[in-house]
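# Prediction below, plus the sequence it came from.
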Amino acid sequence: MPVQDAEPMTDARTHRRLTEPRLVIASHNRGKVAEIRALMAPFGIDVVSAGDLGLPEPEETGLTFIDNAVLKARASAEASGLPALADDSGMTVAALDGAPGIYSARWAGPSKDFGAAMELVRTRMGDNPDRSAAFVCALAIAWPDGHVETFEGVIGGHLEFPPRGDFGFGYDPIFVPEGDTRSFGEFPPEEKHRISHRARAFNNLVRACLDGDGGA
Ligand SMILES: O=P(O)(O)OP(=O)(O)OP(=O)(O)OC[C@H]1O[C@@H](n2cnc3c(O)ncnc32)[C@H](O)[C@@H]1O
Ligand SMILES: [Mg+2]
């Protein structure tokens, strides 16, 4: 048997399992909370949102999606005494060198005007022929004792204007995922849940922390 290093192993099998019956969704975005509730539904865990519990919304000072997800999950776990799942996500546009990226929510301003944010993306892209974009989702689960697990998911696609569809939220009406001709705004929720960046990140979380195969 090989001698063990002093450092703990960091492969997929070392993830902490989520065994608690109750979980806080550390988000104040109703669209996200609805999607995460639907993704969690099969696991029989009672989920409550940070908004419902009146938990504060921390300032997102991180410089990566993962940093911000960890910061939000930690804030809710500390404030509630329950494990907390945070999502930090956004849209990256190749022609804008990855913007709006971690600033996706902030481009919509304090009134959360995504019509204006999508228009800003359109004008900044101008007639650049590269229309490619991606949605990125970082998920973090933080426990009250400070332990954190993180996962990521990405879906590529391209942007089309004007915005189309009434489903989804945020930038969904301009994002056309790879392999489809509809915008995410035209995807019924259950279809978006099968392929989205959030679904992909969630599948990684499930494999590692929920359904028993240890992330293998
Ligand atoms: O931080 P919380 O409270 O979770 O809510 P938020 O809306 O501020 O969330 P983020 O800081 O993660 O910002 C992500 C923004 O990126 C956009 N976004 C993320 N996922 C999206 C999706 O699935 N469809 C459309 N837009 C999305 C959306 O506009 C979000 O407001
Ligand atoms: Mg935010």
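Looks like it arrived, so ask away. Residues are numbered from 1 along each chain as shown. Ligands and ions are numbered 1, 2, ... in the order given.
# doesn't Pro110 make contact with Ala116?
No: Ala116 is beyond contact range of Pro110, at 11.5 Å (criterion: C-beta atoms under 8 Å). Placement of C-beta: from N, CA and C, glycine included.
# Phe135 in helix, strand or coil?
What DSSP: H, G, I helix; E, B strand; the rest coil gives for Phe135 is strand.
# my read: it touches Glu152, true?
No: contact between Phe135 and Glu152 fails when scored by C-beta under 8 Å: they sit 11.3 Å apart.
# The nearest residue in space to Glu190 that is not next to it in sequence sits in which helix or strand?
Nearest non-adjacent residue to Glu190, counting by C-beta to C-beta, 6 or more residues apart in numbering: Ala38, 7.7 Å away. Using DSSP states H and E, Ala38 maps to helix 30-40.
# what sits against the residue of the chain found nearest ligand 1?
Nearest to ligand 1, among the residues of the chain, is Gly170, at 2.5 Å (C-beta to the nearest ligand atom). Contacts of Gly170 were listed using C-beta atoms under 8 Å, 6 or more residues apart in numbering, and they are 31, 91, 104-105, 108, 114.
# top of these by neighbour count?
Tallying neighbours with other C-beta atoms under 10 Å puts Met91 at the head of these, with 26 neighbours.
# Which helix in the protein has the most residues?
When the chain is parsed with DSSP state H, its longest helix is helix 65-80.
# what sits up against that one?
24, 26-27, 50, 53, 55-56, 58, 60-62, 82-90, 102, 136-144, 146, 148, 150, 152.
# higher neighbour count, Ala116 and Pro110?
Of the pair Ala116 and Pro110, Ala116 is the one with more neighbours under other C-beta under 10 Å, namely 13 against 6.
# Centre of the chain to the helix or strand hosting the more buried one, how far?
If you go by DSSP H and E, Ala116 is part of helix 114-125. From the chain centre to the centre of helix 114-125 is a distance of 21 Å (C-alpha atoms, centre = their mean, to the nearest Å).
# what angle do that helix and helix 30-40 make?
Here the directions of helix 114-125 and helix 30-40 differ by 100 degrees (axes from the mean of the first three to the mean of the last three C-alpha atoms, to 10 degrees).
# Near ligand 1, which residues of the protein? Just list them.
27-29, 32, 57, 60, 72, 87-90, 104-105, 114, 135, 168-172, 184, 196, 198 (C-beta under 6 Å from any ligand atom).
# Let me see the ranges of the strands in the chain.
Per DSSP state E, the chain carries strands over the ranges 22-25, 46-49, 84-93, 132-142, 148-159, 175-177.
# Turn those into JSON lines, columns for distance to Ala77 and mean pLDDT.
Formatted as JSON lines, the strands of the chain follow (distance: least, C-beta to C-beta, whole Å; pLDDT from 0 to 100):
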{"stretch": "strand 22-25", "distance to Ala77": "7", "mean pLDDT": "97"}
{"stretch": "strand 46-49", "distance to Ala77": "13", "mean pLDDT": "94"}
{"stretch": "strand 84-93", "distance to Ala77": "4", "mean pLDDT": "98"}
{"stretch": "strand 132-142", "distance to Ala77": "4", "mean pLDDT": "98"}
{"stretch": "strand 148-159", "distance to Ala77": "9", "mean pLDDT": "98"}
{"stretch": "strand 175-177", "distance to Ala77": "31", "mean pLDDT": "98"}
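# most neighbours per residue, which of those?
strand 84-93 (a mean of 26; mean count of other C-beta atoms under 10 Å).
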